[in-house]
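# Next come a sequence and a model predicted from it.
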Protein chains: 2
Amino acid sequence: MTTLRDLSRHLGISVTQVSRALNGHSDVGAETRDRVMAAAAALNYQPNLSARKLVSGRSGIVALVLPEISSTQYDSLFVQSVGGLSRHFSARGMQFVLHMCGREEDPVRVYERLVNSGSLDGFIVQEPLAGDARIRFLQDRKVPFVLHGRHVAQPDYPFFDIDNEAVGHMLTSTLLQKGHRRIAFLNGRKGFAYCEARAEGYRRAHAEAGIAVDDRMMIYGEMTEGHGLISVAQLWGRGRRPPTAIACGNLFIAKGVFLALDALGLSVPGDVSLVAHDDELPGLNSERLPVPLTVSHSPLQESWKPLADILTRAVEGAPLAELQQLGTVTLLQRASVAGPSKSL
Amino acid sequence: MTTLRDLSRHLGISVTQVSRALNGHSDVGAETRDRVMAAAAALNYQPNLSARKLVSGRSGIVALVLPEISSTQYDSLFVQSVGGLSRHFSARGMQFVLHMCGREEDPVRVYERLVNSGSLDGFIVQEPLAGDARIRFLQDRKVPFVLHGRHVAQPDYPFFDIDNEAVGHMLTSTLLQKGHRRIAFLNGRKGFAYCEARAEGYRRAHAEAGIAVDDRMMIYGEMTEGHGLISVAQLWGRGRRPPTAIACGNLFIAKGVFLALDALGLSVPGDVSLVAHDDELPGLNSERLPVPLTVSHSPLQESWKPLADILTRAVEGAPLAELQQLGTVTLLQRASVAGPSKSL
DNA sequence: CTGTTAGCGCATTCAC
DNA sequence: GTGAATGCGCTAACAG
């Protein structure tokens, strides 16, 4: 392993000067800089990140802490995240690293261990909860991080998110405008901030249309096919007045809904209108479901680059205002929405 | 962040002594040691790994480098590996970290960057190829690592593996003993050491039975359902003399074979006998396929602990003899094997 | 523009 | 048993 000292001896200049040249400081002679760069390349020099971290507080390594997932349903999402983030941090000359948090471990303790170990510059945090303890910890310790999502509407930390309130509003009002009055919303897990935001949008759309909300129409659950299946069974259960339209939190849920409606002999959009949010995860395509689906659309893939950008700049100490960004959401109207069925 | 110096001041002893107490050195007074331990716990002391790595060469961080996978078919395997390894290294007080290698990047360069960055103690290496350049690099640089698999039969590096030659032999001879003479082997990708070992076992079983091998019966491919589907189509193609039995490299392939045979109107084991190797990956169960499958069985899950053990000891400098270990493989006889169909 | 000095947190000499 | 001194590789503050 080549060190700065090797280069310094090789070139006959001081270690300091080599360091400055390599780090692009302005106060270095042009000729000196070129010689240093050439020698570094020739000797395949790479800075020792442990040493650098020790003295400057920066290693160029950032981490994502993920819980061990319960369902294999999420495996693809997991791989997508890790791959996308890794790629974009590499492109910035940083190292991205994944740390798994055991099911029984307290995530905050894991962050604490990692922070105290003193080899990381910052974190990407996913799936914020209402009142998330991880966020409080990182803020307390003044550790740079970027949130994928938000846990309040106007946070005082860096984040990349989409407007989930708008998603809920968009999906719901699309259905309301067609005349639907009983709209079920098959949401993600209660407590997740983005799910609550969508629920809020659902309620606002109803309020704007002057229509009362039936609380039993909002069903929280895992973002899986199973959630869609079970919820439909529940909504059409004995003695219930079923909805005329359904909005789903993602395409897995929508797929389950299609299966269940089919089993009940109900058609889309003839008997039930259907909309969903589409993250464009691999394995499911909103156009190629049994009926092309009307969706609010915002590919998750487009978030990895902004997340990497924001965290990189956060580590460099950029002002908060530049570190908060919203992705775009588009409504794609397709064939899965019609007016409410007269028979119901 | 509490440092050794904080503890030293707090206790009125020298930094040296605190360090020795914490690291369990023998030349420390019993009472001193207890006081140090108590203070460390109270002040939530954690060693700075960058500093430790710098002076002692050990950080306690190990890494797995994985290629960005092409197929989502492998996502579960990916998650399994990362979760299992992470858990077992955590239990040993080490940190396990994942690094993704872009599709276009040369893996050896990635290892080189990581090694030169000087913050890692060692690596887990998966999916060895014949003449694997990563292995040569790590050996050259004397970086501790453990191989999941082997790239030669008697390697001079630490590994955990199963006897894949025996797997190939076991599956094949099970079929030969029932009287089959045309046995297709739907193997994994050519070049992967474990696939070649299985092919070798397939040939040895034939040689022992005095039966000539038809080279077209050995089909390499991805370990996917698609491989099973396409290979059956190919084996039963026009002008071909199809096999009376098929051995599959894993259950994904077997699932594809089931689908294809069904489409051809062929039954298992009536028309075709079927065996496979079962890694016990989530999502597929060899007992719950259309016909309970005879398999060579060795759960991948059982490899994470030995891998963590071996790498931990390798970093500590244990002798090679203690760092090579084979997992067990069992043959589970079920309903998917019969004698060859007379009609063929 | 350049070199000298100092110190990040730790483990390991070497003295007592 | 204990402490003082040294240095891992690097960057930053301070002189010239």
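Noted; the coordinates are in hand. Numbering: from 1, shown residues only, chains lettered A, B, ... in the order given.
# interface residues of chain A facing DNA strand C?
Residues of chain A that fall close to DNA strand C, judged by Cβ under 7 Å from any atom of the strand: A:13-17, A:20, A:27-30, A:32, A:51, A:54-55, A:118. C-beta coordinates here come from the backbone N, C-alpha and C atoms, glycine included.
# One more pass at 6 Å, please.
A:I13, A:S14, A:T16, A:Q17, A:D27, A:V28, A:G29, A:T32, A:L54, A:V55 (Cβ under 6 Å from any atom of the strand).
# and the second one, what does it touch?
What that stands for is A:S14. Taking Cβ atoms under 8 Å, 6 or more residues apart in numbering or on different chains, we find A:S14 in contact with A:S8.
# And it, how far from DNA strand D?
8 Å (Cβ to the nearest atom of the strand, to the nearest Å).
# any idea of the pLDDT on that residue?
At A:S14, the pLDDT value in this model is 93.
# Next: the fifth one.
Among the per-residue scores, A:D27 shows a pLDDT of 87.
# that's a helix at it, yeah?
No. Per DSSP: H, G, I helix; E, B strand; the rest coil, A:D27 lies outside any helix segment and is coil.
# ok so, going back, so among the residues of chain A next to DNA strand C, which ones count as buried?
By neighbour count, with 16 or more other Cβ atoms under 10 Å in any protein chain shown, these hold A:I13, A:Q17, A:V28, A:L54 as buried.
# Give me the three-state assignment for the second one.
When the structure is reduced to helix, strand and coil (three-state DSSP), A:Q17 reads as helix.
# now do the first one
When classified by three-state DSSP, A:I13 comes out as coil.
# And the closest residue to it other than its chain neighbours, its phi and psi?
Once flanking residues are discounted, A:I13 sits nearest to A:T32: 6.8 Å by Cβ to Cβ, 6 or more residues apart in numbering or on different chains. Taking degrees, to the nearest 10, you get phi -60, psi -50 for the backbone angles of A:T32.
# Tell me the spacing between A:T32 and A:L43.
16 Å (Cβ to Cβ, to the nearest Å).
# Write out the residues of the stretch 51-200 of chain A neighbouring chain B.
A:51, A:53-54, A:59, A:61, A:63, A:68-69, A:72, A:75-76, A:78-79, A:82-83, A:86-87, A:90, A:95-100, A:102, A:105, A:112-119 (Cβ under 8 Å from any Cβ of the partner chain).
# Show the buried residues in the residues you listed.
Of these, these count as buried by 16+ other Cβ under 10 Å: A:51, A:53-54, A:59, A:61, A:63, A:68, A:75-76, A:78-79, A:82-83, A:86-87, A:90, A:95-100, A:105, A:112, A:114-119.
# quick one, helices of the stretch 101-250 of chain A?
Using DSSP state H, counting those that start in this stretch, the helices of the stretch 101-250 of chain A run over A:107-117, A:133-140, A:164-177, A:193-208, A:225-235.
# quick one, which of the ones you listed is packed in tightest?
helix A:164-177 (a mean of 22; mean count of other Cβ atoms under 10 Å in any protein chain shown).
# If you count contacts, what does the helix or strand that contains A:K255 end up packed against?
Following DSSP states H and E, one finds A:K255 within helix A:251-263. If you count contacts as 3 or more Cβ pairs under 8 Å, 6 or more residues apart in numbering or on different chains; DSSP states H and E, helix A:251-263 packs onto helix A:225-235, strand A:245-248, strand A:273-278.
# relative orientation of it and helix A:225-235 in degrees?
40 degrees (axes from the mean of the first three to the mean of the last three Cα atoms, to 10 degrees).
# If I take helix A:251-263 and strand A:273-278, what angle do their directions form?
Computed by the same axes, to 10 degrees, the angle between helix A:251-263 and strand A:273-278 is 160 degrees.
# Quick check: buried residues in helix A:251-263?
Those would be A:L251, A:F252, A:I253, A:A254, A:K255, A:G256, A:V257, A:F258, A:A260, A:L261, for helix A:251-263 by 16+ other Cβ under 10 Å.
# now those residues as CSV including distance to B:G283?
Output for the buried residues of helix A:251-263, formatted as CSV (distance: Cβ to Cβ, whole Å):
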residue, distance to B:G283
A:L251, 19
A:F252, 15
A:I253, 20
A:A254, 21
A:K255, 16
A:G256, 17
A:V257, 22
A:F258, 21
A:A260, 22
A:L261, 25
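# A:E222 against A:R189, yeah?
Yes. A:E222 lies in contact with A:R189 (Cβ atoms under 8 Å); the separation is 6.4 Å.
# Give the helix, strand or coil label for the residue in the stretch 201-344 of chain A positioned nearest to chain B.
Nearest to chain B, among the residues of the stretch 201-344 of chain A, is A:P282, at 5.1 Å (Cβ to the nearest Cβ). Following three-state DSSP, we place A:P282 in the coil state.
# Make sure it is actually in contact with A:F78.
No. The criterion here is Cβ under 8 Å, and A:P282 misses it with A:F78 at 11.7 Å.
# tell me the mean pLDDT for stretch A:174-183?
Here stretch A:174-183 scores 97 as its mean pLDDT.
# which non-adjacent residue is nearest A:L98?
Leaving out its chain neighbours, the residue that sits closest to A:L98 by Cβ to Cβ, 6+ apart is B:L98, at 3.9 Å.
# make that A:L229, sorry
Nearest to A:L229 is A:G256, by Cβ to Cβ, 6+ apart, at 4.2 Å.
# returning to what we had before: mind checking the helices and strands packed on helix A:251-263 for the one nearest to DNA strand D?
strand A:273-278 (44.2 Å; Cβ to the nearest atom of the strand).
# neighbouring strands for the closest one, and are they parallel or not?
strand A:245-248 (parallel), strand A:294-297 (parallel) (DSSP bridges).
# Just name the most buried of these.
The highest average neighbour count among these, using mean count of other Cβ under 10 Å, belongs to strand A:245-248 at a mean of 31.
# where's it relative to the chain centroid, distance-wise?
In terms of Cα atoms, centre = their mean, to the nearest Å, the centre of strand A:245-248 is set 22 Å apart from its chain centre.
# for stretch A:102-118, same thing?
Relative to where its chain is centred, stretch A:102-118 has its mean C-alpha point 20 Å off (Cα atoms, centre = their mean).
# Check stretch A:146-160 too.
11 Å.
# how long is that stretch end to end?
End-to-end distance for stretch A:146-160, by Cα to Cα, to the nearest Å: 7 Å.
# Stretch A:297-310 now?
23 Å.
# still on that earlier bit, distance to B:R203 and pLDDT added to the buried residues of helix A:251-263, as CSV?
Compiled in CSV, the buried residues of helix A:251-263 are given as follows (distance: Cβ to Cβ, whole Å; pLDDT from 0 to 100):
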residue, distance to B:R203, pLDDT
A:L251, 47, 97
A:F252, 45, 95
A:I253, 50, 97
A:A254, 50, 98
A:K255, 45, 97
A:G256, 47, 97
A:V257, 52, 98
A:F258, 49, 97
A:A260, 51, 97
A:L261, 53, 97
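# Name the nearest of these relative to DNA strand C.
Using Cβ to the nearest atom of the strand, these come closest to DNA strand C at A:F252, 45.7 Å.
# shouldn't the closest one be in contact with A:M223?
Yes. Assessed by Cβ under 8 Å, A:F252 is found in contact with A:M223 at 5.7 Å.
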